[in-house]
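J.: my questions are about this predicted structure, shown below with the sequence.
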Amino acid sequence: MLKYLYLNNFRNYENLEFRPDGSFIILTGANGTGKSNLLEGIHYLGTGYSFRQARDDNLVRFGSDYFAISGIVSCAGVDYKIDVLYQKEKRKKVIRINNKRVLPGSCSSYLPVVIFSPQDLILIKGAPSGRRRFLDLLVSQLKPQHSKDLHYYNTVLLQRNKLLRGTNTTDADLLPWEQQLSSIGARIWKRRVSVFSQLIDYSSEVFASLSRGRILRGEYKTQVNGIKESDDLEKFQYLFLNEMQKARPVDRKVKFTTVGPHREDFHLYLNDHDARLYASQGEQRLISLALKVGQYRLLISEKRTEPVLLLDDVFSELDEKHRILVLDVMKKGSQVIATTTASFKEEYGRREALTGHITMVYPKNFS
């Protein structure tokens with residue numbers, strides 16, 4: 001649960017303090033006033049990145065050379081202080097929890113967030129990197145060690161790629177880095193396939209209930225040939241190491257590592273047809289909604305905690321039936337922060353000005 005948020009030089013905010021007072025808050029105001037930017041700041045605090053796929057440089061307020069986000073969150077009845085500082089010139093990001101420096105992504109288990117946004121369609125028709133990021137966030141929310149392994153994997157990957165750009169690199173030079181990549185990569189792969197299987201179970205149930213029984217199926221795609229979901233870490237590690245060694249000639253030519261978890265993806269199928277190619281825009285939106293509801297339900301089931309729900313003007317994108325689904329999720333007890341351009345009459349709920357252009361509305365009779 002988010003108890004306090006402070007944004008400094010983040011997007012359009014020079015300084016903003018946000019103290020949510022209630023379980024359901026609607027931020028209303030015209031387009032371009034910064035409602036989505038506030039949700040982006042909350043999401044960043046809980047994940048370490050923007051849900052808009054924006055680079056950190058682009059989040060710095062115009063004319064400044066840094067942004068800072070601070071927040072107080074409650075997790076399992078204990079309050080934690082999270083601080084984020086990004087320096088544009090150095091391209092350096094520092095995250096601290098209770099004044100102790102942590103890796104980016106470590107905060108995902110302290111402030112689990114699920115965001116519903118019009119940009120969710122990237123999960124269906126976007127690049128594989130967006131799907132990996134979504135899945136890795138969910139895995140990290142459930143299993144905190146995952147974010148640390150991702151960091152270590154990327155550090156080792158950079159070293160192997162640096163060697164591949166050299167002119168006199170031998171197989172013996174590459175082998176120690178490949179052994180490390182295969183060991184860390186096996187753990188990343190095993191967690192991903194396990195959590196993805198659970199996610200699809202929840203999401204396919206949601207999708208079937210909204211689509212008159214149509215079948216949503218998912219498949220995690222790995223580049224390691226001969227591996228099955230039921231196989232153990234040692235087998236993946238052995239096969240992954242073998243694939244890297246076979247790929248050395250190609251990797252030397254292109255000067256980067258072409259095989260591994262950093263290149264993998266998951267595919268979604270609607271009635272056994274690739275959703276990216278054959279699903280309509282409406283069907284793709286429904287699938288992305290089912291994935292997010294599946295994420296929410298899985299977090300509740302496994303962590304026994306209520307994620308913060310962020311709704312970025314999603315009701316304008318959904319018909320009445322699908323709005324009811326989101327509202328049903330919201331009534332489970334989560335803290336909900338939503339944005340809209342719609343206006344509300346005074347009797348709808350208590351109102352409070354956040355900025356000169358954004359009003360906070362606390363609806364009555366919401367439970």
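T.: Arrived safely. Numbers count the residues shown, from 1 in each chain.
J.: where does the residue located most distally from the centre of the chain sit: helix, strand or coil?
T.: Relative to the centre of the chain, and counting by CA atoms, centre = their mean, the farthest-placed residue is residue 168 at 39.5 Å. The three-state label given to residue 168 by DSSP: H, G, I helix; E, B strand; the rest coil is coil.
J.: for this structure, what helix or strand is lowest in average pLDDT?
T.: When each helix and strand of the chain is scored by mean pLDDT, DSSP states H and E, helix 320-330 comes last, with a mean of 71.
J.: centre of the chain versus it, how much separation?
T.: Computed by CA atoms, centre = their mean, to the nearest Å, the chain-centroid distance of helix 320-330 equals 21 Å.
J.: the following helix or strand past it vs helix 320-330, what angle?
T.: Sequence order places strand 336-340 as the next helix or strand after helix 320-330, per DSSP states H and E. Strand 336-340 runs at 150 degrees relative to helix 320-330, counting by axes from the mean of the first three to the mean of the last three CA atoms, to 10 degrees.
J.: strand 336-340 packs against which elements?
T.: Counting contacts by 3 or more CB pairs under 8 Å, 6 or more residues apart in numbering; DSSP states H and E, strand 336-340 packs against strand 24-28, helix 35-47, strand 308-312. Using the backbone N, CA and C atoms, a C-beta is placed for each residue, glycine as well.
J.: possible to save those as JSON lines with distance to residue 364, mean pLDDT and mean neighbour count?
T.: Formatted as JSON lines, these follow (distance: least, CB to CB, whole Å; pLDDT from 0 to 100; neighbours: other CB atoms under 10 Å):
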{"stretch": "strand 24-28", "distance to residue 364": "10", "mean pLDDT": "91", "mean neighbour count": "21"}
{"stretch": "helix 35-47", "distance to residue 364": "21", "mean pLDDT": "96", "mean neighbour count": "24"}
{"stretch": "strand 308-312", "distance to residue 364": "18", "mean pLDDT": "92", "mean neighbour count": "23"}
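J.: using JSON lines, please lay out these together with distance to residue 266.
T.: Formatted as JSON lines, the helices and strands packed on strand 336-340 follow (distance: least, CB to CB, whole Å):
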{"stretch": "strand 24-28", "distance to residue 266": "32"}
{"stretch": "helix 35-47", "distance to residue 266": "19"}
{"stretch": "strand 308-312", "distance to residue 266": "23"}
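J.: just to revisit the earlier point, for the residue farthest from the centre of the chain, give me the pLDDT.
T.: Residue 168 carries a pLDDT value of 89.
J.: OK, contacts around it?
T.: Under the criterion of CB atoms under 8 Å, 6 or more residues apart in numbering, residue 168 has no neighbours.
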